[in-house]
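**Student:** One predicted model, sequence on top.
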Amino acid sequence: MAHDEFSLIRQWTSRSDGQEGDGLTVGIGDDAAVFAPSPAMEVVACCDAMVETVHFLKETMRPSDIGYKAVISNISDVAAMGGLPRYALVSIAVSPGWSADETSEIYEGIYAACDAYGVRLIGGDTVSAPDALHLSVTVLGEVEQGRALRRSHAKPGQAVFVTGHVGSSAAGLHLLLKQKDPNSRFPAELQPLVEAHQRPAAQVTAGRLLLASRSCGALNDVSDGLASELWEIAEASGVAIAIDADQVPIRAEVSSYAAEAGKDPLDWAFYGGEDYQLVGTAEADGVAALAEQFAAAGIPFAVIGSVEASADGKPAVTCARAGRSMPLAKAGFNHFGRRE
C-alpha cells in the first residue's frame, strides 16, 4: 500500500456515504455498521473469498469484473435461500502487483453489482498483501421468518429443476484462456459466453418466485458446477437424484463452440461452475404452475430429473445419457484444486 493509504481507502469507499435509514442505524465510517432486519424477517449471512490465481486471473478478468463477481457470488447464495440481499462488507488485501487505479476499478465493479441488486456497502477493511490479491465479500440479506429454502428439503417424488442455462461460464473461461486478454472481443454469438464468465447474474427474482410458490423443496446455487450442487442436495436430504442429460439446459452457442473445441458441453455444465443459476426440487404437481410463473417472468426453467428414495440408504446422483444411466461423478470446483 502507498504511504497515503488512508486517503486511497476514503477515495475507494467514497460512494458509501454512511447515510442511514431503511433499517441502517449506523453506516460506513464508524467502528461498525448497525442495522435492523425488517419486521417478520430473519437475517441471511454469507461470505466468499476470492484469491488471485485460485479464483481469477488478470489474463481473463478485468479488475472491475473481479469486484463485480465477488459480490454476485454472495448475492447468489442469498438467492438460493429465497432471500433478498441488503448489505455488503468488503475486505481486500492488495499486493504490490496491483496499482491504485486497478484497485479503484475493483471497487467500481463492487459498486456496480451492489447498485444492480439494491445492496448497500456498509463497511470492510483494506490491507496490504505480500503476494497475491485477496478479496472477501460478506453479504447480509433477509428472508421471511422460518421460510428460508434449504438443501436438505428434497423428498422422493419431487422433480429436479434448474433455472437459466449451465455451462456458459466455463465456455467463456475457455475462450478467455485462449486469448489471455480480458478485453478481447469475440464473434457476436460467443460474446455472451464471455460475459457469462466475467459478469454473471444472480437469480434473486427466481429465488423469490420459488419461495412464494411454496412448492419448492430443496434449493442450491450453481457456483461449483451442477454435479457438485446436485450432490450437496442429495447428501443433505439423504436421497437419490436421477438426471436426464438431454434435459440439461445448455445454450446452443455453448454446444457449437464445444464441438469446435473438441469438448463435451455437458462437462462444462456439470463441472465448470460459476453459472450462478439455481438448481432445486419441487413437488411434481406444482411444476407446471412454476414453469408458467417463470415463463411470465422471462426466466428459463427446465425440469431435468427426479428425486428418488435411496436404495441402500446412501445419497446418490445418476445421469441417463444415450440410453444408459451412470453415476454422476461428485466433482466440481474445489478451492484447493480445480477438481475434487
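**Tutor:** On my side now, so go ahead.

**Student:** got the buried residues for stretch 275-287?
**Tutor:** 275-283, 286-287 (16 or more other CB atoms under 10 Å). Quick note: C-beta positions are derived from backbone N, CA and C, even for glycine.

**Student:** Ala245: which of the residues you listed is nearest?
**Tutor:** Within the buried residues of stretch 275-287, the smallest distance to Ala245 is 14.5 Å, found for Val279 (CB to CB).

**Student:** And the residue nearest to that closest one when sequence neighbours are not counted, how close does it get to Asp31?
**Tutor:** Leaving aside its sequence neighbours, Val279 sits nearest to Val162 (CB to CB, 6 or more residues apart in numbering; 4.6 Å). Distance, Val162 to Asp31, by CB to CB, to the nearest Å: 43 Å.

**Student:** Ok, Leu190 next?
**Tutor:** For Leu190 relative to Asp31 (CB to CB), the value is 48 Å.

**Student:** Comparing those two, which shows the higher neighbour count?
**Tutor:** Neighbours per residue (other CB atoms under 10 Å) separate Leu190 from Asp31, with Leu190 holding more: 18 against 6.

**Student:** Tyr257 is in contact with the more buried one, correct?
**Tutor:** Yes. When contacts are counted by CB atoms under 8 Å, Leu190 is listed as touching Tyr257 (6.2 Å).

**Student:** For those two, list the residues in contact with both.
**Tutor:** Leu175 (CB atoms under 8 Å, 6 or more residues apart in numbering).

**Student:** Pro265 - nearest residue in space that isn't next to it in sequence?
**Tutor:** Ala258 (4.0 Å).

**Student:** C-terminal to the strand or helix carrying the one you found, what's the next element?
**Tutor:** Using DSSP states H and E, Ala258 sits in helix 252-261. The C-terminal neighbour of helix 252-261 among helices and strands, as given by DSSP H and E, is helix 265-271.

**Student:** what is the rounded mean pLDDT of that following helix?
**Tutor:** Per-residue pLDDT over helix 265-271 has a mean of 97.

**Student:** name the helices or strands packed onto it?
**Tutor:** Judged by 3 or more CB pairs under 8 Å, 6 or more residues apart in numbering; DSSP states H and E, helix 265-271 is in contact with helix 168-179, helix 226-237, helix 252-261.

**Student:** Now do the end-to-end distance for stretch 86-106.
**Tutor:** 20 Å (CA to CA, to the nearest Å).

**Student:** List the buried residues for it?
**Tutor:** 86-94, 98, 102-103, 105-106.

**Student:** quick one: which of these sit in helices?
**Tutor:** Under the assignment DSSP state H, these contribute 102-103, 105-106 to helices.

**Student:** so can I have TSV of those showing distance to Glu144 and pLDDT?
**Tutor:** Output for these, formatted as TSV (distance: CB to CB, whole Å; pLDDT from 0 to 100):
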residue	distance to Glu144	pLDDT
Glu102	40	95
Thr103	38	94
Glu105	37	96
Ile106	34	96
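
**Student:** residues in contact with Arg62?
**Tutor:** Per CB under 8 Å, 6+ apart, neighbours of Arg62: 105, 109, 182-183, 198.

**Student:** After the host helix or strand of Asp115, which helix or strand is next?
**Tutor:** Using DSSP H and E, Asp115 sits in helix 100-116. Counting by DSSP H and E, the element after helix 100-116 in chain order, helix or strand, is strand 120-128.

**Student:** ok, so what distance separates Gly217 from Ser256?
**Tutor:** 34 Å.

**Student:** ok, how many other residues are close to Gly207?
**Tutor:** 27.

**Student:** Verify the stated contact: it with Asp77.
**Tutor:** No. With contact defined as CB under 8 Å, Gly207 does not count as touching Asp77 (10.1 Å).

**Student:** sorry, back to before: Gly217 and Ser256 - which one has more neighbours?
**Tutor:** Gly217 (25 against 14).

**Student:** Doesn't the more buried one lie inside a strand?
**Tutor:** Yes. The assignment for Gly217 is a strand, going by DSSP: H, G, I helix; E, B strand; the rest coil.

**Student:** So among the contacts of Arg62, which ones count as buried?
**Tutor:** Of these, these count as buried by 16+ other CB under 10 Å: 105, 109, 182, 198.

**Student:** Who are the contact partners of the last one?
**Tutor:** Contact analysis of Gln198 by CB under 8 Å, 6+ apart lists 60-62, 65, 68-69, 172, 176, 182.
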